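Colleague: Quick one: sequence and predicted model below, then my questions.
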Amino acid sequence: MPTVMELYQLLPKTNCKKCGESTCMAFAVALLSRKKNIQECPPVLEGKFKEQKDKLESLLLPAAGAEETGLIVHPELCTGCGNCVVACPVDVANDPKGAGIGGAPTNDKVIFRVLDGKVVASNIKECRRFGMNRVLCYACIDPCPTGAIEFV
Amino acid sequence: MVTCTCTGCALLCEDIDVIIENNRVKEVKNACRRGAARIRGCVNRLEPSVNKKQADIDTSIKKAAEILKNARSPMLFGWGNSTCEAQVKGIELAKRLNAIIDDNSSFCQGLLIERILKKKFRTCSLEDIRNRADVLIYWGSDAQDSQPRHLSRFSYFPRGEHRQHGYEEDRTAAVIDVRESSTAKICKGHFYRIPTGGDRELILALMDALSGKVPKYDKRVLELAGIMKKAECGAIFAGIGLTYSIKDDPDILVALADKLPNFNIMPMVGHYNMRGFNENLFKETGFVNRIRFEGRPVHNDGYAVVEALRQKSIDALLVIGSDPLSSLPGSIVSHLADIPVICIDPCVTLTSRIAAVTIPCAVSGVESGGSAVRMDGRVVELPGIIENNHLSDQEIMTGLMEAL
């Protein structure tokens, strides 16, 4: 994923406030957290910024498929080992006799499940990174040796 | 939706749900990528052939029997991907032909499995590890890549009966390896890198450290010995890296195990039923591999597939569920060009391409049932879940016996 500075460097850096944010840096942060999209910056849509606009779009493309919590599973990297299924504290709490003890999930309340050898996320609103009382949880990222799970 | 047992590796996961539509696998749930690919079956299905010309299956079996009958020193090799029932028939066939019988364990984990069957090591079941183990040592083994669900289903991540906090608090996992494997990336803080072939020195240093002596080795060995000493229930997952490194003196691992009363040793088996073949042959002969039947079973290292091919001492080879052409070094397999090879496999392999006779079989665990032995010695039933016309390994063995 790109950094805030990478995005900022491609913006007009005029702090015109047309997007509703007070500075271009604030707009870059909003872009990265998917609260704003490129179309909300009128100057960058002008012809002379075309190159920058294309670059911004290509940088933000990987985040396009992210869930509401910013979760992305890269299926090409996933080996389906199921470490995240068992390590996720929500899965353990919601399915203690299935995912909690290393087995296959026994109900639909779990966040992660393995389909055709790849992890698929569902019930994303159960994730600890979601909602008002969210916490910066890394339980599914740390056990993944291939880096197939990412939050953007 | 049906539940099946995965035969992708020796963990034999029994919690796989498969959705079948029109007698084909539509979706596989809970299996890792390796298992899902195995359950989905071959891309290139093997066809029966004789001398590279298509033939029907009966002709192939008859021709195979003829080759084996006319050979003075035939070898039956493979067996790791066959059910126990097929293996028992295979041993009968070897007896009848006075043939050499060997399996992948002769260049894999045979050394350790033999010691386990002779009760020289303490071992335990994978369920015991899940419920009790607090210290896990992956030694020369990359479980994360070779047995992908090992860490999530049994060893590191799950909550067990006596390990309710799982990996977060109750378990410590360490990796001893020559490279930073995927397993080592998970056990970040406890990765001990050793030079290639340096396992023996580490075992000696660990034994010194465990006896209270100061070993002449990297100081981190004291930290590792401290973790092992404190273990209430530990497990050493011995991979092929460790087995290869100590193959000249495997009893050194027995000596280390004697110094660790709370530890169990578990060989990390690759093929799903390699341990089954070792147990079946051990019951019959007292040895786990490298046997020639000459009226009575004779065990000799010259009957290992690698030695037999190097010495060119065999004049026909039956390969079942294995691909020696891709797994053995080129200098050794060159002998396969000079002798008739019979290949029994569900899929096209490198070996099947040079084989004089090919006999397609069903994918065991998916297209045919039976039983298999998991890496810890537990017998697991394999239900066949897809109806098909392919012969199982067991039926092919019976066909060969009848043709003889």
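Modeller: Cool, the structure landed.
Colleague: tell me the contacts of B:Cys4?
Modeller: B:16-18, B:39, B:365-366, B:382-383, B:385 (CB atoms under 8 Å, 6 or more residues apart in numbering or on different chains). For every residue, glycine as well, the C-beta is placed using N, CA and C.
Colleague: can you narrow the residues you listed to ones near chain A?
Modeller: For chain A, the contacts drawn from these by CB under 8 Å from any CB of the partner chain are B:16-17.
Colleague: Distance to A:Val90 and secondary structure added to the contacts of B:Cys4, as CSV?
Modeller: Listed next are the contacts of B:Cys4 as CSV, based on distance: CB to CB, whole Å; DSSP: H, G, I helix; E, B strand; the rest coil:
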residue, distance to A:Val90, secondary structure
B:Ile16, 23, strand
B:Asp17, 21, strand
B:Val18, 26, strand
B:Ile39, 28, helix
B:Gly365, 32, coil
B:Val366, 33, coil
B:Leu382, 33, strand
B:Pro383, 32, coil
B:Ile385, 32, coil
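Colleague: Would you check which pair of the contacts of B:Cys4 lies furthest apart?
Modeller: The distance between the two most remote of the contacts of B:Cys4 (CB to CB) is 15.4 Å, for B:Asp17 and B:Leu382.
Colleague: More neighbours: which of the two?
Modeller: Higher neighbour count among B:Asp17 and B:Leu382: B:Leu382, with 23 against 15, using other CB atoms under 10 Å in any protein chain shown.
Colleague: wait, that one sits on B:Ala372?
Modeller: Yes - with contact defined as CB atoms under 8 Å, B:Leu382 counts as touching B:Ala372 (5.8 Å).
Colleague: picking up where we left off before, restricted to buried residues, select the contacts of B:Cys4 in PyMOL.
Modeller: Selecting the buried subset of the contacts of B:Cys4 in PyMOL, with 16 or more other CB atoms under 10 Å in any protein chain shown as the burial test, is done by:
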select buried, chain B and resi 16+18+39+365+366+382+385
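Colleague: Alongside chain B, which residues does chain A contribute?
Modeller: Contact residues, chain A versus chain B (CB under 8 Å from any CB): A:78-83, A:85-87, A:92, A:96, A:100-105, A:113-118, A:143, A:145-146.
Colleague: Kindly recompute the last result at 7 Å.
Modeller: When proximity is defined as CB under 7 Å from any CB of the partner chain, chain A approaches chain B at A:79-83, A:85-87, A:92, A:100-104, A:114-118, A:143, A:145.
Colleague: what is in contact with B:Leu382 and B:Ala372 at once?
Modeller: Between them, B:Leu382 and B:Ala372 share these contacting residues under CB atoms under 7 Å, 6 or more residues apart in numbering or on different chains: B:7, B:83.
Colleague: and B:Asn120, what does it touch?
Modeller: In this structure residue B:120 is Lys, not Asn. B:Val254.
Colleague: cool, and the one 3 residues further on?
Modeller: Contact criterion CB under 7 Å, 6+ apart gives B:116, B:264-266, B:376 as the residues in contact with B:Thr123.
Colleague: what about the helices in the stretch 101-250 of chain B?
Modeller: In order along the chain, the stretch 101-250 of chain B carries the following helices (DSSP state H, counting those that start in this stretch): B:110-117, B:126-132, B:143-146, B:166-169, B:182-186, B:199-210, B:220-230, B:240-245.
Colleague: Against which helices or strands is the longest one packed?
Modeller: Think helix B:199-210. helix B:220-230, helix B:240-245, helix B:251-259 (3 or more CB pairs under 7 Å, 6 or more residues apart in numbering or on different chains; DSSP states H and E).
Colleague: Contacts for that helix next, please.
Modeller: Applying CB under 7 Å, 6+ apart, the external contacts of helix B:199-210 come out as B:140, B:176, B:194, B:215, B:217, B:221-222, B:224-225, B:229, B:242, B:245-246, B:252-253, B:255-256, B:259.
Colleague: Can I get the buried part of these as one ChimeraX selection?
Modeller: Selection of the buried residues among the contacts of helix B:199-210 in ChimeraX, burial being defined by 16+ other CB under 10 Å:
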select /B:140,176,194,215,217,221,222,224,225,242,245,246,253,256,259
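Colleague: tell me, which of the contacts of helix B:199-210 make contact with chain A?
Modeller: Applying CB under 7 Å from any CB to the contacts of helix B:199-210, none is adjacent to chain A.
Colleague: I'd like to know how many residues surround B:Asp208.
Modeller: By the criterion of other CB under 10 Å, B:Asp208 has 18 neighbours.
Colleague: how much space between it and chain A?
Modeller: In this view, B:Asp208 and chain A are 32 Å apart by CB to the nearest CB, to the nearest Å.
Colleague: which residues in chain A form strands?
Modeller: A:71-73, A:112-115, A:118-121, A:149-151 (DSSP state E).
Colleague: List the buried residues for stretch B:255-275?
Modeller: B:256-257, B:259-260, B:262-275.
Colleague: for stretch A:7-18, same thing?
Modeller: Neighbour-count burial for stretch A:7-18, counted by 16+ other CB under 10 Å, picks out A:7-8, A:10-12.
Colleague: okay, which residue is most central for chain A?
Modeller: The residue lying closest to the centre of chain A (CA atoms, centre = their mean) is A:Gly70, at 2.4 Å.
Colleague: I'd like to know the predicted local confidence at that one, please.
Modeller: On pLDDT, A:Gly70 comes in at 75.
Colleague: do the same with A:Leu32
Modeller: Confidence score, pLDDT, at A:Leu32: 80.
Colleague: Would you confirm that it contacts A:Val4?
Modeller: Yes - using CB atoms under 7 Å, A:Leu32 is in contact with A:Val4, at 5.6 Å.
Colleague: of the two, who's got more company?
Modeller: A:Leu32 (21 against 15).
Colleague: Scan chain A for its longest helix.
Modeller: Longest helix of chain A, by residue count under DSSP state H: helix A:50-60.
Colleague: what's that helix packed up against?
Modeller: helix A:4-10, helix A:42-45.
Colleague: Including mean pLDDT, could those helices go into a markdown table?
Modeller: Formatted as a markdown table, the helices and strands packed on helix A:50-60 follow (pLDDT from 0 to 100):
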| stretch | mean pLDDT |
| --- | --- |
| helix A:4-10 | 86 |
| helix A:42-45 | 85 |
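Colleague: So which of these is nearest B:Phe282?
Modeller: helix A:4-10 (61.7 Å).
Colleague: Show me which residues of the helix or strand of chain B with the lowest mean pLDDT are buried.
Modeller: Ranked by mean pLDDT, DSSP states H and E, the helix or strand of chain B with the weakest confidence is helix B:166-169, at a mean of 86. Using 16+ other CB under 10 Å as the test for burial, helix B:166-169 gives B:166-167.
Colleague: now do stretch B:337-353
Modeller: In stretch B:337-353, residues buried by neighbour count (16+ other CB under 10 Å) are B:339-346, B:348-349, B:351-352.
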